[in-house]
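**Student:** Give me the fold of what follows.
(one chain, ligands or ions: 2)
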Amino acid sequence: MRYLTAGESHGPALTTIIEGLPAGLPLTAEDINTDLARRQKGYGRGRRMQIEKDRAVISAGVRHGFTLGSPVALTVENKDWTHWTKIMGIEPRTEDAEEVKRRVTRPRPGHADLVGGIKYGHRDMRNVLERSSARETTVRVAAGAVAKKLLKELGIEVASHVLEIGGVRAEHTQYRSLEDLREKAEASPVRCYDDEAAQKMMEAIDEAKKKGDSIGGIVEVVATGMPAGVGSYVHYDRKLDAKLAHAIVSINAFKGVEFGLGFEMAHRFGSEVHDEIIWSEAEGYTRKTNRLGGFEGGMTTGMPIVVRGVMKPIPTLYKPLQSVDIETKEPFAASIERSDSCAVPAASVVAEAAVAWELAEAIVGQFYSDRMDVLKQTVDAQREYGRLF
Ligand SMILES: Cc1cc2nc3c(=O)[nH]c(=O)nc-3n(C[C@H](O)[C@H](O)[C@H](O)COP(=O)(O)O)c2cc1C
Ligand SMILES: C=C(O[C@@H]1CC(C(=O)O)=C[C@@H](OP(=O)(O)O)[C@H]1O)C(=O)O
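**Tutor:** Numbering: from 1, shown residues only. Ligands and ions are numbered 1, 2, ... in the order given. Alright, predicted model coming up:
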């Protein structure tokens, strides 16, 4: 399976085309809209999220509630477009006062403005920021929602939550099951299951906002029900943990990734890291612990996948950072119109979608069938083979 995305942040719409989905997967726009709404929420978001009401319009590949096996195409409208028609239209530049005013010649440190301008030769760096904007993650979440639907049919669940914001970390022992985690995260304004930590996270966001600053954090994605042996050790580009790492770091502002104990492994003995193997008639091979986060040799172990990503603070700041105007080469202190001060809760939903996509892609790639019912039988057969192996 593969998908492409297109669309500018203040253009008419965002689009994705998903190719390679089996036929017979139940799918409605509502399945996608639920996740689009989850991505829009979260304490710390700016004014743009009050303008947008993200809804998917499916225009191809689905009939009477089921995928056809043909490419699925969908769009999400940018409501903000109505304010940008003159500036973002495809007609030649007007050179009128408003258009000139909206040209971007002052790059923001930490955003893609300057290097994107140098790379593509865009001296109006609006041409960079429109596409480098995380608005694009809207349709990544849409593709992820479709992937989650496929995984759910196969008994695989994916959930996400916020572990840390601005140095405030949730207690890691507080959730008992994936359902428990999901329920608590969905009820929290910062998508954190630990109420006490969530309160402190919101205070940290308020504090950063008051200072004209921004803060980042850590998100965690958990996936259960993957059969053992998805991915491969035989070649570097078939390792599924590596694909997940790529997917996480490809999210705007994500700078690091870890599995299971993650960087903590550097401080432990091998006996405190590797997960001992046990077998039972009912469950087959499992592990006493899950410190490796569900991967050995680039393949799923059958244990829950636990992957975390770190998001840097948002680069657009109300408190000015020094930069250089590319027209005058003079230093200036940036001023801005609007921005998120913290988007970690929204980004956790994006990370969930990114992980779901990679898992679904790996499953479809490995157990390929044009038909959903056959895919399900093949995956079930692999689980049974793994149990008795
Ligand atoms: C959900 C989400 C919302 C974001 N909102 C903003 C924002 O309002 N302002 C901003 O400057 N950056 C925002 N970012 C981060 C930038 O998109 C990102 O830093 C930029 O594309 C540069 O890429 P890099 O940080 O990966 O190098 C957001 C990121 C995500 C995931
Ligand atoms: C639009 C979204 O996020 C945007 C991501 C973003 C950036 O620079 O990444 C900048 C802001 O855009 P604007 O300048 O229009 O307010 C955010 O609102 C979204 O998440 O849907």
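
**Student:** what does the stretch 51-200 of the chain have sitting close to ligand 1?
**Tutor:** Within the stretch 51-200 of the chain, the positions near ligand 1 by CB under 6 Å from any ligand atom are 111-112, 132-134, 137. Quick note: C-beta positions are derived from backbone N, CA and C, even for glycine.

**Student:** If you rank those residues by neighbours, which is first?
**Tutor:** Highest neighbour count within these, by other CB atoms under 10 Å: residue 137, with 23 neighbours.

**Student:** got a list of what that one touches?
**Tutor:** 39, 251-252, 346-347, 350, 353 (CB atoms under 8 Å, 6 or more residues apart in numbering).

**Student:** make it 6 Å
**Tutor:** residue 350 (CB atoms under 6 Å, 6 or more residues apart in numbering).

**Student:** let's number from 676 now, not from 1
**Tutor:** Got it, first residue is 676 now, which makes that one residue 812.

**Student:** Can I get the host helix or strand of it in CSV? Just the C-alpha atoms.
**Tutor:** Per DSSP states H and E, residue 812 falls inside helix 812-828. Provided in CSV are the C-alpha atoms of helix 812-828 (Å, rounded to 0.1, in the frame of the first residue of the first chain):
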residue,chain,number,x,y,z
THR,A,812,-1.0,16.1,9.0
THR,A,813,-4.7,16.3,8.6
VAL,A,814,-4.7,14.0,5.6
ARG,A,815,-2.0,11.8,7.2
VAL,A,816,-4.5,11.3,10.0
ALA,A,817,-7.2,10.5,7.4
ALA,A,818,-4.9,7.8,5.8
GLY,A,819,-4.1,6.5,9.3
ALA,A,820,-7.8,6.2,10.1
VAL,A,821,-8.3,4.0,7.1
ALA,A,822,-5.3,1.9,8.2
LYS,A,823,-6.8,1.6,11.7
LYS,A,824,-10.0,0.4,10.2
LEU,A,825,-8.2,-2.3,8.3
LEU,A,826,-6.1,-3.3,11.4
LYS,A,827,-9.3,-3.4,13.6
GLU,A,828,-10.8,-6.0,11.2
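
**Student:** mind checking pLDDT for residue 1009?
**Tutor:** As predicted, residue 1009 sits at a pLDDT of 61.

**Student:** For stretch 918-936, what is the distance to the chain centroid?
**Tutor:** Centroid separation for stretch 918-936 versus its chain: 9 Å, with CA atoms, centre = their mean, to the nearest Å.

**Student:** Report the rounded mean pLDDT for that stretch.
**Tutor:** Rounded mean pLDDT across stretch 918-936 is 98.
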